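Visitor: Can you look at this prediction? I've put the sequence above it.
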Amino acid sequence: MPARPAVLLAIAGIAFLVAGVILTVALAGGSLSPRPAPTPEPSYARPAAPPAVAMDAPVVDATVGTADSLASVSTLVDPVWLATTSARTGIPARALAAYAGAAIAKARAMPQCGISWNTLAAIGWVESKHGTHGGSRVTASGAVRPAIYGPSLTGDGTEHIPDSDDGRFDRDKEYDRAMGPMQLIPQTWRNWRTDGSGDGKRDPQNIDDATMAAANYLCRATQDAVGEPDMVTTAGWQGGIRAYNPAPSYLHAVARAAIEYGR
């Protein structure tokens, strides 16, 4: 028996509603299931497994503020670990040797801090792409050439930091500028510089020296933030990174890179 007009109208109405739902889902991107909540930005990176130490590694005195290293921190790292980890992370081997070597040297001098190679590598990536910003490169000695300088800190879209070193370190006699592969400002460099390369000089454009200075600074910064040198806990790690750069976007960028390297 033919369907009655009222039944046909009801079926047509249901079909129209179903078609509308399908069209709405399709326009929204595809699925009837609820969309997952957006993943929050990471704000803390656990230390990666410690770097392997080279057999018969030379002694390095990582005392803060003196040019007293007996050997380059980069020589502390086991070459097999270095080659394997460089290939897995994409970090250039010479830069990775500085990050891992500084972590080893700091572990000897201040084990309670717990500064890790993947955190130092993350900062090096965010600050200068491991010393390659603007076409620079890290030489075998650790020197970054051409030298890397940030913009003058005039307060126009940057922090306002008048000159503190008469241009001695950053070549700017009016304002301070961040320097080198770890982008340290002159005041930080003056306070925490050390000879990480073992060449008898302290140079913010040398990746061994700059990374060792950054490690010194971070351990002290976390002490100021949480009462003791601590780059292992969430509060300590965040305190150290925020002292380096207080912007939330910077904290998240370093956390993302450090987590990826740690994997």
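Guide: All right, it came through fine. Numbers count the residues shown, from 1 in each chain.

Visitor: Assess the claim that Ala103 and Ile115 are in contact.
Guide: Yes - Ala103 lies in contact with Ile115 (Cβ atoms under 8 Å); the separation is 5.8 Å. For the C-beta atoms, the positions are set from N, CA and C on the backbone; glycine is no exception.

Visitor: anything in contact with each of the two?
Guide: Residues touching both Ala103 and Ile115 by Cβ atoms under 8 Å, 6 or more residues apart in numbering: Ala215.

Visitor: mind showing which ranges of the stretch 1-150 of the chain have poor pLDDT?
Guide: 1-39, 61-70 (pLDDT under 70).

Visitor: For it, which segments count as helices?
Guide: 5-28, 79-89, 93-109, 117-128 (DSSP state H, counting those that start in this stretch).

Visitor: next one: the stretch 151-263 of the chain
Guide: 186-192, 207-226, 234-244, 248-262.

Visitor: In contact with Leu120, which residues?
Guide: 98-99, 102-103, 211, 214-215.

Visitor: can you rerun that using 10 Å?
Guide: Leu120 sits next to 95-96, 98-103, 106, 182, 211-212, 214-215, 218, 231, 258, 261 when contact means Cβ atoms under 10 Å, 6 or more residues apart in numbering.

Visitor: Grab the nearest non-local neighbour of it.
Guide: Nearest in space to Leu120, with sequence neighbours left out and distances taken as Cβ to Cβ, 6 or more residues apart in numbering, is Tyr99 at 4.2 Å.

Visitor: Check Ser197 too.
Guide: Here the residue nearest Ser197, using Cβ to Cβ, 6+ apart, is Asp208, at 3.9 Å.

Visitor: OK, contacts around that neighbour?
Guide: So Asp208 contacts 69, 72-75, 94-95, 97-99, 101-102, 105, 138, 141-143, 181, 194-199 (Cβ under 10 Å, 6+ apart).

Visitor: And for Gly101?
Guide: By Cβ under 10 Å, 6+ apart, the neighbours of Gly101 are 51, 53-54, 57, 60, 62, 71-77, 82, 117, 120, 142, 196-197, 207-208, 211-212, 215.

Visitor: same thing but 7 Å
Guide: By Cβ atoms under 7 Å, 6 or more residues apart in numbering, the contact list for Gly101 reads 73-74, 76-77, 208.

Visitor: And the residues you listed, which is closest to Gln223?
Guide: Val73 (21.4 Å; Cβ to Cβ).

Visitor: Test my guess that the closest one contacts Ala57.
Guide: No - judged on Cβ atoms under 7 Å, Val73 makes no contact with Ala57 at a distance of 9.9 Å.

Visitor: What lies in contact with stretch 242-257?
Guide: Contacts of stretch 242-257 (Cβ under 7 Å, 6+ apart): 41-45, 122-123, 125-126, 218, 221, 225, 238, 241.

Visitor: Since that was my last question, I'll sign off now.
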